[in-house]
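Participant: coordinates only, sequence not included:
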Ligand SMILES: Nc1ncnc2c1ncn2[C@@H]1O[C@H](COP(=O)(O)OP(=O)(O)OP(=O)(O)O)[C@@H](O)[C@H]1O
Ligand SMILES: O=C(O)[C@H](O)COP(=O)(O)O
C-alpha cells in the first residue's frame, strides 16, 4: 500500500506544478512519440479539465548526449494525446517562465523547458539540499501543489523529483499511482500459484541483480537474451562470449560469481534455453540445440523453438508473470519468436502480468498484440527494476513523507 496522496485529494482551483517523465528516443533531432506521452496525457487532461492551472516539468536526455534536446516538440506531441493545448516556454525557472506561470488561467497547461538544462537539477543530492536550490525556491511560491507523475524517474534524487515535496503539498499523478501499484506487486501481493519471471535483454548485470534479490519470491526464472547466454556459459556451454559484440565478456566478469551462486542454490528453478537461433549462411534463421554447440562462432540472437514451447508451458501454469528484457533481437522479425512467444502466451492466459522495459514493451505493438491483455505494461526501466526488488524510490518516499505531514509548517 502506498502512503501518498493522489489527485482525489487535490483541492479545487489549484496552481499545480506537475513533474512528468517524457524522456524519449530522439532520431535525427526528432522526438519519437511513445507510450509515455499517452500515459501522462491522462494526468494532464484530468488536471486541465478540472480547471487547475497547470505547469509541467520534465527532462530529456543528459548533457552531452544527442538526446539532450529542448522540450518544444514534446509539447505538441503531448497536446495531441491529451486533447488540450500545451504551451511551451523555453525557460525553466527564469523571469520568462515565472511570468508565463503567473498568466495561466483555469484549465491552461504550460510545459517548461528541459529541467536538465538548469544547473540545479542533475546532481544527486539530499532532498533538503535540493529544496534550498534557486530552482525550487523560485518556482515553489508560484504554486499551491506539486504533483509527481514521473514514476519512471523516481529512482533519481534530482531537484524536480525530490525538492518540491519539502515546499508544497504533494500528490501522486495517475501514472505514478498505477505504475507504483503494479510494479511493487511482486513485493506487496501474495500470489497463491506460481510466480514466473522472464529475464532477457542486454542489461545482464541489472537483471541478474533482480534475480538475486527475488530469489525467495519467484518460483521460476525463464532466461534468454544476454543473461540467458551468460547462465548457459556458467552451465558449461561455449556461448555467452563476444564474437562481434561487446555485450558478454565484461558482464561475465562482473557477474560470474553471482551467476554460479544462483545456479548452485536454485538451479532447478532457473530455466535455460535448450536451443538457440542465429543467422545462417543463407541469411535465414537457423536453430541449434545447445548440446550441439561446439564453439561460439555465431552471435545467437534468439532462443530456439523448443525453448519457446517450454517457456510457454511454464507461463500457462503461472499465476503471475513479470517480464524484464527481450528473449531475442525481436526488432528483426527472424528473431522475434522467443519474445513474441512468451508475450502471446501471457496475453492468452488470465495470469497477473507486468511487462517492463521500454524496448521490450515495444514488441507488444510491433507484433499487433493488445496492451489490454496484460495487467500492466510499464513505461519504466530502472525504476521498474527497483520497484520489483523492493528497493526504495526516493521520489516516492518524498511523496509519502509529505503526506505524513513531515514538512508541514
Ligand atoms: N541475444 C541477444 N543479443 C543482442 N541483443 C539482444 C539479445 N536478446 C535481446 N536483445 C536486445 O535486448 C533489447 C531489450 O533489452 P534491454 O536490456 O534494453 O531491456 P528493456 O528492459 O526492454 O529496456 P530498458 O531498460 O532500456 O527500458 C532488445 O532491443 C533486443 O534487441
Ligand atoms: O528514461 C528513463 O528511464 C528515465 O527518464 C530516467 O532517465 P535517466 O536514466 O537519464 O536518469
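Facilitator: Done, it's in. The structure presented is a predicted model; accordingly, all values stated were derived computationally and were not measured. Numbers count the residues shown, from 1 in each chain. Ligands and ions are numbered 1, 2, ... in the order given.
Participant: Wait, residue 7 touches residue 170, no?
Facilitator: No - using Cβ atoms under 8 Å, residue 7 makes no contact with residue 170, being 11.7 Å away. Any C-beta I mention is one placed from the backbone N, CA and C, and that applies to glycine too.
Participant: count of neighbours near residue 162?
Facilitator: By other Cβ atoms under 10 Å, 28 other residues sit near residue 162.
Participant: I'd assumed residue 399 was in contact with it.
Facilitator: No - under the criterion of Cβ under 8 Å, residue 162 is not in contact with residue 399, lying 9.6 Å apart.
Participant: before we move on, back to that, find the residues that touch each one of residue 7 and residue 170.
Facilitator: Here residue 7 and residue 170 have residue 147 as joint contacts, going by Cβ atoms under 8 Å, 6 or more residues apart in numbering.
Participant: Settle it for me: which of the two has more neighbours?
Facilitator: Each of residue 7 and residue 170 has its neighbours counted (other Cβ under 10 Å); residue 170 has more, 25 against 20.
Participant: Specify the beta-bridge partners of the more buried one.
Facilitator: Note on residue 170: beta-bridge partners residue 146, judged by DSSP bridges.
Participant: Quick one: residues contacting it.
Facilitator: Neighbouring residues of residue 170 by Cβ under 8 Å, 6+ apart: 4-5, 145-148, 164, 398-399, 402-403.
Participant: what about residue 281, neighbour count?
Facilitator: Around residue 281 sit 6 other residues, with neighbours defined as other Cβ under 10 Å.
Participant: Am I right that it sits in a helix?
Facilitator: No - note on residue 281: no helix contains this position according to DSSP: H, G, I helix; E, B strand; the rest coil, which reports coil.
Participant: Nearest to ligand 2: which residue in the stretch 251-400 of the chain?
Facilitator: In the stretch 251-400 of the chain, the residue found nearest to ligand 2 is residue 381; the distance is 4.2 Å by Cβ to the nearest ligand atom.
Participant: how near is the residue of the chain found nearest ligand 2 to residue 324?
Facilitator: Distance from ligand 2 to each residue of the chain (Cβ to the nearest ligand atom) is smallest for residue 23, at 3.5 Å. The spacing between residue 23 and residue 324, counted by Cβ to Cβ, to the nearest Å, is 19 Å.
Participant: again, but for residue 195
Facilitator: Between residue 195 and residue 324 the computed distance is 13 Å (Cβ to Cβ).
Participant: neighbour count winner among those two?
Facilitator: Here residue 195 and residue 324 are set side by side on neighbour count (other Cβ under 10 Å), and the busier one is residue 324, at 26 against 21.
Participant: tell me the contacts of the more buried one?
Facilitator: When contacts are taken as Cβ under 8 Å, 6+ apart, residue 324 is in contact with 197-201, 207, 210, 356-357, 360, 384-385, 388.
Participant: how many other residues sit next to residue 314?
Facilitator: Around residue 314 there are 19 other residues, counting by other Cβ under 10 Å.
Participant: name the element it belongs to?
Facilitator: Using DSSP states H and E, the element containing residue 314 is helix 305-316.
Participant: Now do the contacts for the nearest residue to residue 398 once chain neighbours are set aside.
Facilitator: Nearest non-adjacent residue to residue 398, counting by Cβ to Cβ, 6 or more residues apart in numbering: residue 165, 4.0 Å away. Counting by Cβ under 8 Å, 6+ apart, residue 165 makes contact with 127, 146, 148, 398-399, 401-402, 407.
Participant: Among the residues you listed, name the ones in strands.
Facilitator: When these are checked against strands (DSSP state E), the matches are 146, 148.
Participant: hang on, isn't residue 336 packed against residue 328?
Facilitator: Yes - between residue 336 and residue 328 there is a contact under Cβ under 8 Å: 6.9 Å.
Participant: Of the two, give the one with the bigger neighbour count.
Facilitator: A side-by-side neighbour count of residue 336 and residue 328, using other Cβ under 10 Å, places residue 328 first with 30 against 22.
Participant: how about the residues of the protein near ligand 1?
Facilitator: 200-203, 225-226, 247, 300-301, 324-326, 328-329, 331, 357-360, 381 (Cβ under 6 Å from any ligand atom).
Participant: helices or strands up against the helix holding residue 314?
Facilitator: Applying 3 or more Cβ pairs under 8 Å, 6 or more residues apart in numbering; DSSP states H and E, one finds that helix 305-316 makes contact with strand 194-199, strand 220-223, strand 270-271, strand 275-279, helix 337-348.
Participant: Please name whichever of the ones you listed is nearest to residue 58.
Facilitator: Shortest separation from residue 58 across the helices and strands packed on helix 305-316 is recorded for helix 337-348, at 28.8 Å, computed as Cβ to Cβ.
Participant: Could you give the separation of the closest one from the chain centroid?
Facilitator: Its chain's average C-alpha position is 20 Å from that of helix 337-348, according to Cα atoms, centre = their mean, to the nearest Å.
Participant: how about it: buried residues?
Facilitator: 337-347 (16 or more other Cβ atoms under 10 Å).
Participant: Surely residue 112 and residue 92 touch.
Facilitator: Yes - with contact taken as Cβ under 8 Å, residue 112 and residue 92 are classed as touching, separated by 5.0 Å.
Participant: out of the two, which sits in the more crowded spot?
Facilitator: Comparing residue 112 with residue 92 by neighbour count (other Cβ under 10 Å), the higher total belongs to residue 112, at 27 against 22.
Participant: So that one versus residue 54, what's the distance?
Facilitator: Per Cβ to Cβ, residue 112 is found 11 Å from residue 54.
Participant: Please tell me the pLDDT value assigned to residue 218.
Facilitator: pLDDT, the model's per-residue confidence, is 94 for residue 218.
Participant: likewise residue 1?
Facilitator: At residue 1, the pLDDT value in this model is 64.
Participant: Could you do residue 17 as well?
Facilitator: For residue 17, the model assigns a pLDDT of 99.
Participant: partner residues bridging it?
Facilitator: With DSSP bridges as the criterion, residue 17 is bridged to residue 55, residue 146.
Participant: how much space between it and ligand 1?
Facilitator: Distance of residue 17 to ligand 1, computed by Cβ to the nearest ligand atom, to the nearest Å: 27 Å.
Participant: For stretch 260-277, buried residues please.
Facilitator: When neighbours are counted by 16+ other Cβ under 10 Å, the buried residues of stretch 260-277 are found to be 262, 266, 270-273, 275-277.
Participant: Widest-spaced pair of these?
Facilitator: The largest separation in the buried residues of stretch 260-277, counting by Cβ to Cβ, is between 266 and 277 at 26.6 Å.
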